[in-house]
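> just need the structure, nothing else, for what follows:
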Amino acid sequence: MNKLQENKLRKLIQQEAKKLLKEGTWAIPDTATKMKKAEQILIKFNALQKAMYDCLGDDELFDAIDNVKNRMKKLMDAGRTKLNAV
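Residues are numbered from 1 along each chain as shown. As a prediction, this is how the structure comes out:
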């Protein structure tokens, strides 16, 4: 791959990452260390949801938690895209 192709590919990857982000996002897991931390947080959200199920069973609450987890996954995807561009 020549330098021009490499630059085009890098620009395309950055454009895809921007599509996943919106105004108000100030940090994404764009390093291996941040990605590992984000993955651990997501695991904790899953454990929290399981622990809450029997004592705080509420559709609205669980929908909100699912929305948070889905947004986290999108931000993690953007971080992976950025990591792969390097």
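> now do L48, the pLDDT please.
L48 is assigned a pLDDT of 88 by the prediction.
> separation between it and F62?
11 Å (CB to CB, to the nearest Å). C-beta: built from backbone N, CA, C; applies to glycine.
> these two - which one has more neighbours?
Using other CB atoms under 10 Å as the criterion, L48 and F62 rank with F62 on top: 14 against 11.
> tell me the contacts of that one?
Contact analysis of F62 by CB atoms under 8 Å, 6 or more residues apart in numbering lists Q49, M52.
> mind telling me what element the nearest residue to I28 once chain neighbours are set aside is part of?
Leaving aside its sequence neighbours, I28 sits nearest to G79 (CB to CB, 6 or more residues apart in numbering; 4.4 Å). Using DSSP states H and E, the element containing G79 is helix 59-85.
> I'd like the average pLDDT over that helix.
87.
> buried sites along it?
M72, K74, L75, M76, A78, G79, R80, T81, K82, L83 (16 or more other CB atoms under 10 Å).
> got it, and stretch 43-62?
Q49.
> re earlier: ok, of the buried residues of helix 59-85, which one's closest to A32?
L83 (7.2 Å; CB to CB).
> still on that earlier bit, the residue nearest to I28 touches A38, doesn't it?
Yes: counting by CB atoms under 8 Å, G79 touches A38, with 7.1 Å between them.
> intersection of neighbour lists for these two?
What both G79 and A38 touch, as defined by CB under 8 Å, 6+ apart, is the set P29.
> ok, back up a step: columns distance to T31 on top of the buried residues of helix 59-85, output as TSV?
Shown next, in TSV, are the buried residues of helix 59-85 (distance: CB to CB, whole Å):
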residue	distance to T31
M72	16
K74	18
L75	13
M76	12
A78	13
G79	8
R80	11
T81	13
K82	9
L83	7
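> now the closest residue to N46 other than its chain neighbours: how far from A27?
With CB to CB, 6+ apart as the criterion, N46 has its nearest non-adjacent residue at 7.5 Å, and that residue is K69. Remark: distance between K69 and A27 (CB to CB) = 17 Å.
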